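In: here's a sequence, model it:
(2 chains)
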There are 2 protein chains.
Amino acid sequence: MQRNSIKVSMAVVRRLPKYYRYLGELIQNDILRISSKELGKIMGLTASQIRQDLNCFGGFGQQGYGYNVVELQKEIGNILGLNKTYNCVIVGAGNLGQAITNYEGFRREGFILKAMFDVNPRLIGNTIRDIKIHDIMELGEYVKENQIEIGIICVPKEFSQKVADTLVENNIKAIWNFAPADVNVPESIVIENVAISESLYTLTYLMNEDSLNL
Amino acid sequence: MQRNSIKVSMAVVRRLPKYYRYLGELIQNDILRISSKELGKIMGLTASQIRQDLNCFGGFGQQGYGYNVVELQKEIGNILGLNKTYNCVIVGAGNLGQAITNYEGFRREGFILKAMFDVNPRLIGNTIRDIKIHDIMELGEYVKENQIEIGIICVPKEFSQKVADTLVENNIKAIWNFAPADVNVPESIVIENVAISESLYTLTYLMNEDSLNL
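Out: As a prediction, the model looks like this:
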């Protein structure tokens, strides 16, 4: 919620990665042109919502011809900043940190994982997929010296704010936080708090919706 | 997107877990009454949006008195179905599956993890936090015989649809899918596809927003 200037509504912004993903699946299935109506059907949106969303960025369709899927995905990728590369570190080399290291597509999309950090002496010095696990005491210096832009927090929630503070003090640009508690950072830092329980609770809501008296 | 009857908009539904989480944090900080304006400030919403959201479920505030935080969190928990328990299995006992097993709060909120499943002979027979890892060949029978309601998919994306099909054939009610590709299920099954890359791409969008010509 911390943003310097609100240009496009966050609801639209949060749909962009979905467009990117669904268009990628269309390309994999050799579907190279699609109307806003057809795209809407796949994504569970109306055609007019899709046109409105894309018009925020100048629009990309040609009346009556639909969208060129490859071009549209590339344009949206550019808008999402996926045409650049980002130096990243993971703090917390437990199961979740390791799962993210192994996440397919991470490297392909330009996220360069430079190092992992942990407090556990049994993990420090090991490598996972060629990524070395460093002592967490070295985090601040490493971030500053290696121009790290994105810090990925995978530590227990008791330690997440302290890790975020260290990252911020050493000029991190963005934090992707998986600890199950929001961390607070200055407004100039981009933060995404990933709360996986929110998705689980949406699931249980939908399981029970029919029994609610609405 | 597959729902039998749309009663409350998904945008509102997806905010409910956020209310639940933020109200929980207020309780931890001993804040027991809050106005819609103050709650909105914390959550990045307007007071009127909060009142509108909660009015979908009958409203819970008293004009001029704000919300009773404990009661409101409990009510929202009930709406989210968190007053019940759910038998769950995790399919895929790699890093991600293990991270979810270790996720704090999972048990506390009524999610009873009964078993894990994997193809890897080195994992089968082991236990993680007292949860036994079974051969994936036993998945269908286990789900049917143990009244499993939620299947959590943590396998690589090549296998996710096949796992989903097995779960559906054996009367699963809901699927929480972490594989980075949507799975398709009949409309009667509740599905949440967790695409963690969407959160990462939102992050990179926000990192680059100032340089977009909007």
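
In: what sits against residue A:153?
Out: A:91, A:92, A:160, A:163, A:164, A:167, A:175, A:176, A:177, A:178, A:179, A:183 (Cβ atoms under 8 Å, 6 or more residues apart in numbering or on different chains). (Glycine included, C-beta is placed from N, CA and C.)

In: any idea of the pLDDT on residue A:81?
Out: Confidence at residue A:81, expressed as pLDDT, is 95.

In: also residue A:63?
Out: pLDDT, residue A:63: 67.

In: same check on residue A:161?
Out: So residue A:161 comes in at 96 (pLDDT).

In: relative to chain B, how far out is it?
Out: Distance, residue A:161 to chain B, using Cβ to the nearest Cβ, to the nearest Å: 13 Å.

In: same question, residue A:151
Out: Counting by Cβ to the nearest Cβ - residue A:151 and chain B are separated by 11 Å.

In: any idea of the mean pLDDT for the longest helix along chain A?
Out: Secondary structure of chain A read by DSSP state H shows that its longest helix is helix A:10-28. Across helix A:10-28, the average pLDDT comes to 91.

In: so for it, what gets flagged as buried?
Out: A:12-13, A:15-24, A:26 (16 or more other Cβ atoms under 10 Å in any protein chain shown).

In: how about stretch A:25-39?
Out: Neighbour counts over stretch A:25-39 (16+ other Cβ under 10 Å) mark A:26, A:34, A:36, A:38, A:39 as buried.

In: one more: stretch A:127-147?
Out: Per 16+ other Cβ under 10 Å, stretch A:127-147 contains these buried residues: A:128, A:131, A:133, A:134, A:136, A:139, A:140, A:142, A:143.

In: re earlier: right, is the longest helix of chain A up against chain B?
Out: Yes: with Cβ under 8 Å from any Cβ of the partner chain as the criterion, chain B is reached by helix A:10-28 at A:11, A:13, A:14, A:16, A:17, A:18, A:20, A:21, A:25.

In: tell me which two of the residues you listed sit farthest apart.
Out: By the measure Cβ to Cβ, the residues of helix A:10-28 next to chain B have their two most distant members at A:11 and A:25, which lie 22.0 Å apart.

In: phi first, then psi, for the nearest residue to residue A:151 once chain neighbours are set aside.
Out: Leaving out its chain neighbours, the residue that sits closest to residue A:151 by Cβ to Cβ, 6 or more residues apart in numbering or on different chains is residue A:167, at 4.1 Å. Torsion angles at residue A:167 (phi, psi; degrees, to the nearest 10) stand at phi -60, psi -50.

In: what do you get for residue A:48?
Out: phi -70, psi -30.

In: about what we covered before: now the longest helix of chain A - C-alpha only, CSV.
Out: Provided in CSV are the C-alpha atoms of helix A:10-28 (Å, rounded to 0.1, in the frame of the first residue of the first chain):
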residue,chain,number,x,y,z
MET,A,10,-3.7,-1.5,-7.8
ALA,A,11,-6.6,-3.7,-9.0
VAL,A,12,-5.5,-3.2,-12.6
VAL,A,13,-1.8,-3.6,-11.7
ARG,A,14,-2.6,-6.9,-10.0
ARG,A,15,-4.3,-8.2,-13.1
LEU,A,16,-1.3,-7.5,-15.3
PRO,A,17,0.7,-10.6,-14.1
LYS,A,18,-2.5,-12.7,-14.8
TYR,A,19,-2.6,-11.4,-18.4
TYR,A,20,1.1,-12.2,-18.7
ARG,A,21,0.6,-15.7,-17.5
TYR,A,22,-2.6,-16.5,-19.5
LEU,A,23,-1.1,-15.1,-22.7
GLY,A,24,2.0,-17.3,-22.1
GLU,A,25,-0.3,-20.3,-21.9
LEU,A,26,-2.0,-19.3,-25.2
ILE,A,27,1.4,-19.0,-26.9
GLN,A,28,2.3,-22.5,-25.6
